[in-house]
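J.: Predicted model follows, preceded by the sequence.
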2 protein chains.
Amino acid sequence: MRVAVVAIGTELLLGQIVDTNSATIGRALAERGISSHLQIKVGDNHGRIVAALRQALEEADAVITCGGLGPTQDDITREAVAEVAGRPLLLDGAVATRIEQLFAGRGLRMPENNYRQAMVPEGAAVITQRKGTAPGLIVPAGGKVICALPGVPYELEDMLPEVLAVLVRRSGEEWVIRSRIVRTWGLGESRLAEMVAPRLEAVEGSSVTLAFLASGIEGIKVRVTVRARSDAEAAGYLDREEERLRAILGDYVFGIDDVSLEIRLAGLLEARGLHLAVAESLTGGMLASRLVGVPGASSWFRGGVISYATEVKRDLIGVTAASVVSEEAAAQMALGAARVLGAEVGIATTGVAGPESMERRDRGVVCIGVAVGGAVGTREVKLLGDRERVRAYATATAIDLARLTLEGSSRGIVLGGVSAGS
Amino acid sequence: MRVAVVAIGTELLLGQIVDTNSATIGRALAERGISSHLQIKVGDNHGRIVAALRQALEEADAVITCGGLGPTQDDITREAVAEVAGRPLLLDGAVATRIEQLFAGRGLRMPENNYRQAMVPEGAAVITQRKGTAPGLIVPAGGKVICALPGVPYELEDMLPEVLAVLVRRSGEEWVIRSRIVRTWGLGESRLAEMVAPRLEAVEGSSVTLAFLASGIEGIKVRVTVRARSDAEAAGYLDREEERLRAILGDYVFGIDDVSLEIRLAGLLEARGLHLAVAESLTGGMLASRLVGVPGASSWFRGGVISYATEVKRDLIGVTAASVVSEEAAAQMALGAARVLGAEVGIATTGVAGPESMERRDRGVVCIGVAVGGAVGTREVKLLGDRERVRAYATATAIDLARLTLEGSSRGIVLGGVSAGS
């Protein structure tokens, strides 16, 4: 069963509204194993809507339209669907009564216009409107079907299950489609693709598919999608594929699905009853802010010092390093934050966010310090991009290094006595 | 001139990503008076991409594609565009060199895969990649043109102006289209629309158009777009309309175009040679991070204390208030931050981000303190939404209140002696 979606509305083409309905429908179809084949957006123009519907019907077994069912003159989906299906529009008494009642219920007189919403193509089934005044329409068209839904997202979402039931019935077969996101940090997209290439070939033509989603400071995601006869079978496929990917990617994998870098770090801290404090220079609060974004952070996060000015580094957390952009400074900041804020673990960032270079260090040079129970280690990295990007990647890199260090990874920071020079 | 947009990516059809690029492009075309004719979404399938491109070329004078220019095997837009344009793909030495340099700059080896991104259809123009590794492509196809852009929104937005320039040139239209963003904070969209309604009527049918863009924590933007015969004429229209809007909106307007709340605040501080320090509880570094995002922040920003744990509020900045979610605490935090970090101005946030309520205060209750030269004032606000939204709006509200206070606005915080109870 192949389905095409036709989203109708000039405001969509003009970008005045972002079309989220097509995505909602696409997701719902995928979950039921119905192939989402094509999506078209057209303006409020009868000729173009008719053309889009004809094309969609040609390429797919069923068409879902959203939008253009309102009461005003520019809502013309009903007419276009009726024309394409070759069925005249007739006033549906039950629908009309229900619209009248909706208005009466709000103590309002029903405008004449709204009777347009009670016009139904002959032989079409109606999906009762519960949230708005426009009913949904399920209109047979040759051997195929056009399902017309309102464009208001919560009205559409309310009616979508009935449409999906119709489509699943028509499709005869009922696949279960499930996905799992394997989340990584520290690899470029193409390097990741190289490593996973053998799996891409292995699953070719099977019921498992792999896709890469580059998600900026959220890292790169590998999406595993499987098609199965049951939830249990799907879960089995997902588990096996996750296992294989973890075997290839090792601890570049930090989490699954909604587990972010900071949620993973929070888990490691909570498991050991450790508390965390931060000292931030170039990230200027971004690191703390990502950590505080984790619900329940108060059980493990103590707070932080944003030591932006050099005197603040010195006075508040006792940085003595000659250069504030140095691994020595990062080490002193991590130790200082943990000491001053009463935490067992400290993370520190210092570096050059740009636009200008600083202390003869280039923009993008970032030193990260991690202290655990009085021991400390550091790493210097070079990040690319503008001020915002350097700060965002410095933040994610710091969280990832702390994560790896607590995991005892060989890619983590080696903790030693207080670092050289301090 | 009619333009069709083809968005490419199976993840779009599956609804795993909402296609915002098509809306971005549609808006940009509309501003330049170019008709946005049709938008199609297809998956990563060579045959379907080719079919969609052929259809788009048939119905429009130019086609913009987004997505599928990445380095991996499932990025096949380049090949499809080359086939439709009837131009072989050739390795572009300059593009390859630039990609190699991007990797070298990060001290990374360039994977073989990335050379795919240096393949350019014969005779195509290249839009240099500044944000990512994929260049944009402007490919002649018969008398028409296909413009291929990356799917990563910030890469696409960086290249879009060059594409629009090409389209405007081809359209032969001589109009100069210019816009200006009048940025506001503190008004709901519908209230703003009410206030501006007279202007909306006044410009009806003129060469000036107004649009509202609700931009979350960036506030609500009023976009003024004018069509003129020359830059000078356009500038004149823009100046007059900005003047009228400012007369209506007063100091709800905090900036123009790229002037964010924090940039406006930075200007006020620099003009008076004042330094700023912050103390953050529920915002947890988000406030400092927005401030540090302003280039040159080191000239006025001293730093901050993220006093997330109660003991940190007490020990580091001397908060004695019985309740940490109170205007008294906010006042002590603002004064304490300024004192401890050696600044004339202090801003503090404390409150309940949720999900749970705290000290019997509901989620969304936020107290903001502003201290200037030893005097302090506070305000309690109630914010709606989830944890992230409450924190983000608390941050923006704090910056706006400091801005208004330094501007001497009647909507600012009244500064007095140290607040009651402390």
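T.: Sure thing, it's come through. As the structure is a prediction and not an experimental result, all values here were calculated from the model.
J.: which secondary structure elements does the helix or strand where A:Leu167 lies contact?
T.: In the assignment (DSSP states H and E), A:Leu167 maps to helix A:153-171. Contact partners of helix A:153-171 among helices and strands, from 3 or more CB pairs under 8 Å, 6 or more residues apart in numbering or on different chains; DSSP states H and E: helix A:21-31, strand A:62-66, strand A:125-127, strand A:136-141, strand A:144-149. Using the backbone N, CA and C atoms, a C-beta is placed for each residue, glycine as well.
J.: rank the ones you listed by pLDDT, which is bottom?
T.: For the helices and strands packed on helix A:153-171, mean pLDDT drops lowest on helix A:21-31, to a mean of 88.
J.: elements contacting that helix?
T.: strand A:2-8, strand A:35-42, strand A:62-66, helix A:153-171, strand A:176-184, helix B:10-13.
J.: do the second one and chain B meet at all?
T.: Yes. For a cut-off given as CB under 8 Å from any CB of the partner chain, strand A:35-42 has contacts with chain B, namely A:36-42.
J.: Which parts of chain A are helices?
T.: Assigned helices in chain A, in chain order: A:10-13, A:21-31, A:46-59, A:77-85, A:93-105, A:153-171, A:189-203, A:231-249, A:261-272, A:286-292, A:310-317, A:327-341, A:387-407 (criterion: DSSP state H).
J.: Going by neighbour count, list what's buried in the longest one.
T.: Buried residues in helix A:387-407, counting neighbours by 16 or more other CB atoms under 10 Å in any protein chain shown, are found at A:387, A:389-406.
J.: for chain A, what are the low-confidence residue spans?
T.: Scanning chain A for pLDDT under 70 picks out the ranges A:418-422.
J.: Which residues are in contact with the residue sitting nearest the centre point of it?
T.: The centre of chain A sits closest to A:Ser215, judged by CA atoms, centre = their mean, with a distance of 8.4 Å. By CB atoms under 8 Å, 6 or more residues apart in numbering or on different chains, the contact list for A:Ser215 reads A:Lys221.
J.: again with the one 10 residues further on
T.: Contacts of A:Thr225 were listed using CB under 8 Å, 6+ apart, and they are A:30, A:177-179, A:208-211, B:14.
J.: give me that answer again for 6 Å
T.: Residues near A:Thr225 by CB atoms under 6 Å, 6 or more residues apart in numbering or on different chains: A:179, A:209.
J.: Bridged to it, which residues?
T.: A:Ser179, A:Thr209 (DSSP bridges).
J.: who's in contact with the helix holding A:Leu167?
T.: Residues outside helix A:153-171 that contact it (CB under 6 Å, 6+ apart): A:1, A:21, A:28, A:32, A:34, A:62, A:66, A:127, A:130-132, A:136, A:138, A:147, A:149-150, A:174.
J.: can you rerun that using 7 Å?
T.: Here helix A:153-171 makes contact (CB atoms under 7 Å, 6 or more residues apart in numbering or on different chains) with A:1, A:3, A:20-21, A:24-25, A:28, A:32, A:34, A:62, A:64, A:66, A:127, A:130-132, A:134, A:136, A:138, A:145, A:147, A:149-150, A:174.
J.: Quick one: buried ones out of those?
T.: Buried members of these, counted by 16+ other CB under 10 Å: A:1, A:3, A:20-21, A:24-25, A:28, A:32, A:34, A:62, A:64, A:66, A:127, A:132, A:134, A:136, A:138, A:145, A:147, A:149-150.
J.: nearest residue to A:Gly284 other than its sequence neighbours?
T.: Distances taken as CB to CB, 6 or more residues apart in numbering or on different chains place B:Val292 nearest to A:Gly284, at 2.9 Å, with adjacent residues excluded.
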